[in-house]
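Asker: I'll drop the sequence and a predicted model, then ask my questions.
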Amino acid sequence: MNNLWSDHVQGVMTLYLSRKLRFDDIFFTQYDKLFNLDHNKKLRILEIGCGPGALAEALHRWYPKAQITAIDRDSNFITFARNSIAGVSFVEGDATNLPFENDSFDVTVSNTVQEHIEPSAFWGEQRRVLKPGGVCLCLSARKGIQCEAPCLEMTQEEKEFWESIPQSEGELAKYGVCRFPMSEAEIALSMEKHLFTDVTTGYAIIDLTPDATKYSREMAEAMIEAKRQTCLEAIRSAHSDQADKAISAVDRKYDERLGLYRAGKKQWDTAVSVTMVIRGIK
Ligand SMILES: C[S@@+](CC[C@H](N)C(=O)[O-])C[C@H]1O[C@@H](n2cnc3c(N)ncnc32)[C@H](O)[C@@H]1O
């Protein structure tokens, strides 16, 4: 049983809801071009470090003929994914010691995982389980644009709550977070160094602006709710008995944001992220 990531780094809903947006069908055309996979083949796809499973879920929709397996070492994520997502085989296990045969997958894919795992193990294990000619896809979240609605600014209650929580130095490093950060160029070079060929890079732009008319009401409200759940999960994961006031304040301000959206009072708050896709061949 390993709940380190979900208990201390990012909670289940934080990852699931944000990735559900990032891998919404509206962005599929961009990903599809960058992935460059054969839709007619019965591909065996392995997702490494799948978290609660939103990318695996999207891959199942996007490549209906494919057989998708997804692995993560966090038990909470795998339990959530197994209970919520059909059509994908979720496995609890370690990306540095994959419980799969040599040459058994056509594609390996990961999203925001490379920076947490020692490179020779990260690439080496994927190369081992890929068939000759198999495709390795490494997705990496890059900087974007953030602009907050005035009604979502941090409230006094939240400030007081966070001031009451002792911050320990190096908390995330303790859980092995981001021990191997790389620039855009370094990731591609690292893939080549680990013997992948035909390495290419590309970028998908994920624009999450609730007020933009191109988004349905359902999608716009999902953007607002994903941020609410991220805020709430962060407060709850501090395990403090002072959390109630901050939770109510967060709920109030997100209710206000939803109300403004529904009344057509545009705020134009936005979160644009760039997902880099590095693609290489075994
Ligand atoms: C930033 S999260 C990304 C999760 C998921 N890919 C997503 O985008 O929602 C990093 C994930 O890598 C997983 N992870 C880190 N090291 C791992 C390892 N050695 N083996 C398996 N999973 C690992 C963590 O448990 C966590 O779920």
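Answerer: Arrived safely.

Asker: Show me which residues of this structure sit near the ligand.
Answerer: 5, 15, 19, 49-51, 54-55, 72-74, 77, 94-96, 111-113, 116-117 (C-beta under 6 Å from any ligand atom). Placement of C-beta: from N, CA and C, glycine included.

Asker: how long is stretch 98-108 end to end?
Answerer: 12 Å (C-alpha to C-alpha, to the nearest Å).

Asker: Buried residues in it, which are they?
Answerer: Buried residues in stretch 98-108, counted by 16 or more other C-beta atoms under 10 Å: 98, 100, 105-108.

Asker: same thing with stretch 137-148?
Answerer: Using 16+ other C-beta under 10 Å as the test for burial, stretch 137-148 gives 137-140.

Asker: before we move on, what about stretch 7-15?
Answerer: Under 16+ other C-beta under 10 Å, the buried positions of stretch 7-15 are 9-15.

Asker: Show me the contact partners of that stretch.
Answerer: 6, 51-52, 54, 76-77, 80, 171-172, 175, 177, 229-230, 233-234, 236-237 (C-beta atoms under 8 Å, 6 or more residues apart in numbering).

Asker: on that earlier part again, among the residues of the chain next to the ligand, which are located in strands?
Answerer: With strands taken from DSSP state E, the overlap with the residues of the chain next to the ligand comprises 72, 111.

Asker: Buried among the residues of the chain next to the ligand? Make that a PyMOL selection.
Answerer: For the buried members of the residues of the chain next to the ligand, the matching PyMOL selection, counting by 16+ other C-beta under 10 Å, is:
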select buried, resi 5+15+19+49+50+51+54+55+72+73+74+77+95+111+112+113+116+117
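
Asker: re earlier: adding pLDDT, distance to D198 and secondary structure, write the buried residues of stretch 137-148 out as a markdown table.
Answerer: Shown next, in a markdown table, are the buried residues of stretch 137-148 (pLDDT from 0 to 100; distance: C-beta to C-beta, whole Å; DSSP: H, G, I helix; E, B strand; the rest coil):
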| residue | pLDDT | distance to D198 | secondary structure |
| --- | --- | --- | --- |
| L137 | 98 | 13 | strand |
| C138 | 98 | 14 | strand |
| L139 | 98 | 18 | strand |
| S140 | 97 | 18 | strand |
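
Asker: Counting neighbours, what do you get for W268?
Answerer: When neighbours are counted by other C-beta atoms under 10 Å, W268 registers 10.

Asker: How about the secondary structure of it?
Answerer: coil (DSSP: H, G, I helix; E, B strand; the rest coil).

Asker: if I pick the closest residue to it other than its chain neighbours, what's in contact with it?
Answerer: Spatial nearest neighbour of W268, excluding adjacent residues (C-beta to C-beta, 6 or more residues apart in numbering): D211 at 5.4 Å. By C-beta under 8 Å, 6+ apart, the contact set of D211 is 220, 261, 266-269.

Asker: can you do 10 Å?
Answerer: The neighbours of D211, taking C-beta atoms under 10 Å, 6 or more residues apart in numbering as the test, are 149, 220, 223, 260-261, 264-270.

Asker: Also F180?
Answerer: Per C-beta under 10 Å, 6+ apart, neighbours of F180: 114-119, 122, 186-187, 190.

Asker: Dump the residues you listed to CSV, plus pLDDT.
Answerer: Shown next, in CSV, are these (pLDDT from 0 to 100):
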residue, pLDDT
Q114, 98
E115, 96
H116, 96
I117, 97
E118, 97
P119, 98
F122, 98
E186, 98
I187, 98
S190, 98
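
Asker: Which of the residues you listed fall in helices?
Answerer: 119, 122, 186-187, 190 (DSSP state H).

Asker: distance between the lowest-mean-pLDDT helix or strand in the chain and the chain's centre?
Answerer: Lowest on mean pLDDT, DSSP states H and E among the helices and strands of the chain sits helix 171-174, with a mean of 76. Centroid displacement of helix 171-174 relative to its chain, using C-alpha atoms, centre = their mean, to the nearest Å, is 19 Å.
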